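Participant: Next come a sequence and a model predicted from it.
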Amino acid sequence: MNFLFPSFLYALSAISIPIIIHLFNFRRYKKVYFSNVRFLKEVVQESHSKSKLRQLLVLICRCLVIAFLVLAFAQPFIPLKKGVTASGAKAVSIFIDNSFSMMAVNQNGTLLDDAKNKAEQIARSLNPADKVQLVAQDFSAMQERWLNKDEFIEQLKGLKISPASRMLGEIMARQEDNLNHSGCPVKEAFVLSDFQKSVSEMSAYKTEQGTSEAFVPVTSETKNNIAVDTCWFTSPVHLPGKPEQLFVKVTNYSSAEVSDKPIKLFINGVEKATASFSIAPYTSSTVTLSYVPDKSILQQGDIKISDYPITFDDDIFFSYKLSTNIPVLCIHTDSLKINTSLNYLYGKDSLFTLTDASANHLDYSTFPLYRLILLDEVLNITSGMSHELLRYLTKGGNLFIIPPTSGMDRDSYNNFLASLNSSPIGNLDTTRLKVDKLNYESPIYAGVFEKKQHPNMDLPVVYKHYRLLHGTHTAYENLMKLDNGDDLLDVFQYAQSNIYLLTVSLNDAFSNFRKHAIFVPTLYNIGLFSSPQQTLYYTLGKEQPIEAPNLNLPEGTLFKIKSISDTFSFLPEKRVINDRALLFIHNQISAAGNYRLTARDSLISGYSFNYDRKESQMNFLTPAALDSLCKNAGIKNFSVLPSTGDTLPALLSEVNRGQFYWKYCILLALLFLAIEISLLKFIKMERR
């Protein structure tokens, strides 16, 4: 125990005073002394050891009474801070956690209100010469000005809940930087928070000796919360009038079971589906919502539950577009020799827009307009075509390669395939083979067959095919395999694109593939899945680039993002990287919801933004865990104030000086005085 040095002196004198009195005040206590001598003679005759022990206990109690009285006046304490307190003008940085978890309630209202009341008490305890600043989750420079205590109290009134959520170490580093520029010799930092475990990481903070840290926990009465975590579709393709299945993950972050809680789905403001769910404590459940999209190309949804008081994660917003026009480019060796099978499949279906072109007369600038390019029996892939196809694939396009019947320049093909990290084409094999296996796990064949393959299933026959020379490090997915183990159709990935490589020509001399029933679903789904993968939503607080649709808009065209209600809009930053238009919002959106992208007042697309779910989990650091966290981080000059409903002045006194023990000293003095009186009465009764 770290007492003040005078406390030791007072204690030493308190113990020595009774002894000196007994040694040197013989004359004053002469009668008492001789009476004690006579008493001792009698006691010795009866019980020498018992009497001596009682007298010794009386003496010890008397010494302890005096000692604890002296210590009480000396006011001993244990410093809570692990450093030395300087003197002079004081700068105080007060962080108030205004994240979503502070919407929980206790006996003082919301946790945010409780934290604001405690911050006001801290400010009122300051001297007029001291200055104070408010730090919140937004890290607003305007908010973090140095103020006097009255200005600070006035500023507190405008503090509201924010979607931002920062790590504890990042917060402390921000306060440290502000205090180092305060110009005051005394620097103190307070952190008022519920101290969620999910945001307790402290690696960003480098401890310094000059600042004292005080952590003030605010706790809620209940720690229950139900959150809609995420949503997804199993199919990346969305067609008009086709039923959709939306999967929603809901998590119960509480100790109570949830039964038959309703969940609703709204599409473009209209309720489309309703379901109910039940979840055991601290578990998750997946809810399936089925609906048919409306006629709008842009579908913007909102999934809702009702849960109080933590409400920020009760909604999840999402946006996607229906596939209504998939442009396909088919490149032939001769424009007069159009492939009738491909033309019938892609040219007659209203979902696709087919364009035929000759390999000798290509407009490469139009490549980005197409979602799928077919190389139909092109004899030679020139260096110019190879370069433009590589750029096209880098932007997210898809490629289907059909080898020619004869006259193929295999070197040009393999050079191009090598640039894509794909397998080269080998020799022509003229063995008659049959397709032995289909990849039912691939999205191309998912839902095509009611049952999986059986021994008598009719599959295409191949008369001759090109062998693919797979390397040990080549990544690919096989879609159709021949009964000798060779590949009929493989898919390779490059960046975010798919390269489909067929090993036979669409000619009857090679196989009956183009006449087989499997041909239509294979080519149709390849075209269908060439639609770009759509991001259903983005997370606020995370700077993610948003890819704008490639529409060949005039140079200088500005994009605008606006809310559904048209009450909020802004111009995002536009960057063109690898011929892709990327938009950056730079935290200009602060509210979750559905938004629309426009250019020249025309609707281009839609985006959704949701709050980060890391505040959903209701796990908090205890004072002991917070103390251990600080010690492990190497922080020495800190204190963790008790989480009580009391006012802060007494606690602040402990932060500045330490935990006082004078009350305990008085109680101990009274205790030993009572023991002494009891012993004296007992001795007197025995004498009688």
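Facilitator: Cool, the structure landed.
Participant: And what about Ile675, helix, strand or coil?
Facilitator: helix (DSSP: H, G, I helix; E, B strand; the rest coil).
Participant: mind checking how far it is from Glu573?
Facilitator: 79 Å (C-beta to C-beta, to the nearest Å). Where C-beta positions appear, they are placed from N, C-alpha and C, glycine not excepted.
Participant: can you give me the strands in the stretch 501-650 of the chain?
Facilitator: For the stretch 501-650 of the chain, the strands defined by DSSP state E, counting those that start in this stretch occupy 538-539, 546-547, 559-563, 569-570, 573-577, 580-584, 593-599, 602-610, 638-640.
Participant: Could you identify which of those strands is most buried?
Facilitator: strand 638-640 (a mean of 22; mean count of other C-beta atoms under 10 Å).
Participant: Pick out the residue nearest the middle of this protein.
Facilitator: Lys614 (4.1 Å; C-alpha atoms, centre = their mean).
Participant: show me the contacts for that residue.
Facilitator: Ser165, Ser198, Val199 (C-beta atoms under 8 Å, 6 or more residues apart in numbering).
Participant: Nearest to Leu156, out of the strands of the stretch 501-650 of the chain?
Facilitator: With C-beta to C-beta, the closest approach to Leu156 among the strands of the stretch 501-650 of the chain belongs to strand 638-640: 22.4 Å.
Participant: now for the closest one, which elements pack on it?
Facilitator: Judged by 3 or more C-beta pairs under 8 Å, 6 or more residues apart in numbering; DSSP states H and E, the packing partners of strand 638-640 are strand 211-217, helix 623-632.
Participant: In this protein, where is pLDDT below threshold?
Facilitator: 1-51, 75, 77-88, 208-209, 335-336, 450-456, 550-552, 643-660, 683-688 (pLDDT under 70).
Participant: one step back: tell me which of the strands of the stretch 501-650 of the chain sits nearest to Pro185.
Facilitator: Comparing the strands of the stretch 501-650 of the chain by C-beta to C-beta, strand 638-640 comes nearest, at 18.9 Å.
Participant: on that earlier part again, ranking the helices and strands packed on strand 638-640 by burial, who's on top?
Facilitator: strand 211-217 (a mean of 24).
Participant: Pull that strand out as CSV, backbone CA atoms only.
Facilitator: Output in CSV follows, covering the C-alpha atoms of strand 211-217 (Å, rounded to 0.1, in the frame of the first residue of the first chain):
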residue,chain,number,x,y,z
THR,A,211,-0.9,11.9,-20.6
SER,A,212,-3.1,10.2,-18.0
GLU,A,213,-6.0,8.1,-19.3
ALA,A,214,-9.3,7.6,-17.5
PHE,A,215,-11.8,5.0,-18.7
VAL,A,216,-15.4,5.6,-17.6
PRO,A,217,-17.7,2.6,-18.5
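Participant: After it, which helix or strand is next?
Facilitator: Sequence order places strand 226-233 as the next helix or strand after strand 211-217, per DSSP states H and E.
Participant: Now the element after that following strand, going C-ward?
Facilitator: strand 244-252.
Participant: Any idea how many residues pack against the closest residue in space to Ile675 that isn't next to it in sequence?
Facilitator: Spatial nearest neighbour of Ile675, chain neighbours left out: Cys61 (5.0 Å); criterion: C-beta to C-beta, 6 or more residues apart in numbering. For Cys61, the neighbour count with other C-beta atoms under 10 Å is 20.
Participant: beta partners of Phe609?
Facilitator: In this entry, Phe609 is beta-bridged to Tyr538, Gly593, by DSSP bridges.
Participant: where exactly do the strands run in the stretch 151-300 of the chain?
Facilitator: Counting by DSSP E, counting those that start in this stretch, the strands of the stretch 151-300 of the chain are 186-193, 211-217, 226-233, 244-252, 258-267, 270-279, 284-291, 298-304.
Participant: picking up where we left off before, how near is the residue nearest to the centre of the chain to Asp307?
Facilitator: Lys614 is 17 Å from Asp307, by C-beta to C-beta.
Participant: Surely Asn148 touches Lys131?
Facilitator: Yes - using C-beta atoms under 8 Å, Asn148 makes contact with Lys131 at a distance of 6.4 Å.
Participant: Looking at those two, which is more packed in?
Facilitator: A side-by-side neighbour count of Asn148 and Lys131, using other C-beta under 10 Å, places Lys131 first with 20 against 14.
Participant: Which secondary structure element is home to Leu670?
Facilitator: helix 662-687.
Participant: buried set for that helix?
Facilitator: Cys665, Leu668, Ala669, Phe672, Leu673, Ile675, Glu676, Leu679, Ile683 (16 or more other C-beta atoms under 10 Å).
Participant: try stretch 137-151
Facilitator: Neighbour-count burial for stretch 137-151 [16+ other C-beta under 10 Å]: Gln137, Asp138, Glu144, Trp146, Leu147, Lys149.
Participant: In CSV: the residues you listed, plus secondary structure and distance to Tyr476.
Facilitator: Shown next, in CSV, are the buried residues of stretch 137-151 (DSSP: H, G, I helix; E, B strand; the rest coil; distance: C-beta to C-beta, whole Å):
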residue, secondary structure, distance to Tyr476
Gln137, coil, 47
Asp138, coil, 48
Glu144, coil, 55
Trp146, coil, 62
Leu147, strand, 64
Lys149, helix, 69
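Participant: quick one: which of those is nearest Thr230?
Facilitator: Looking across the buried residues of stretch 137-151 and measuring by C-beta to C-beta, the closest to Thr230 is Gln137, at 22.9 Å.
Participant: burial of the nearest residue to Gln493 once chain neighbours are set aside, as a residue count?
Facilitator: By the measure of C-beta to C-beta, 6+ apart, the closest residue to Gln493 outside its immediate chain neighbours is Ala475, 6.9 Å from it. For Ala475, the neighbour count with other C-beta under 10 Å is 11.
Participant: One more: Glu257?
Facilitator: Neighbour count of Glu257, defined by other C-beta under 10 Å: 11.
Participant: Make sure Pro262 is actually in contact with Ile305.
Facilitator: Yes - Pro262 lies in contact with Ile305 (C-beta under 8 Å); the separation is 7.2 Å.
Participant: If you count surrounding residues, which of the two has more?
Facilitator: Ile305 (21 against 11).
Participant: Can you read off the backbone torsions of that one?
Facilitator: phi -130, psi 170 (degrees, to the nearest 10).
Participant: Which stretches in this protein count as helices?
Facilitator: Per DSSP state H, the chain carries helices over the ranges 5-24, 30-74, 111-124, 149-156, 168-180, 340-347, 383-394, 410-419, 519-528, 623-632, 649-656, 662-687.
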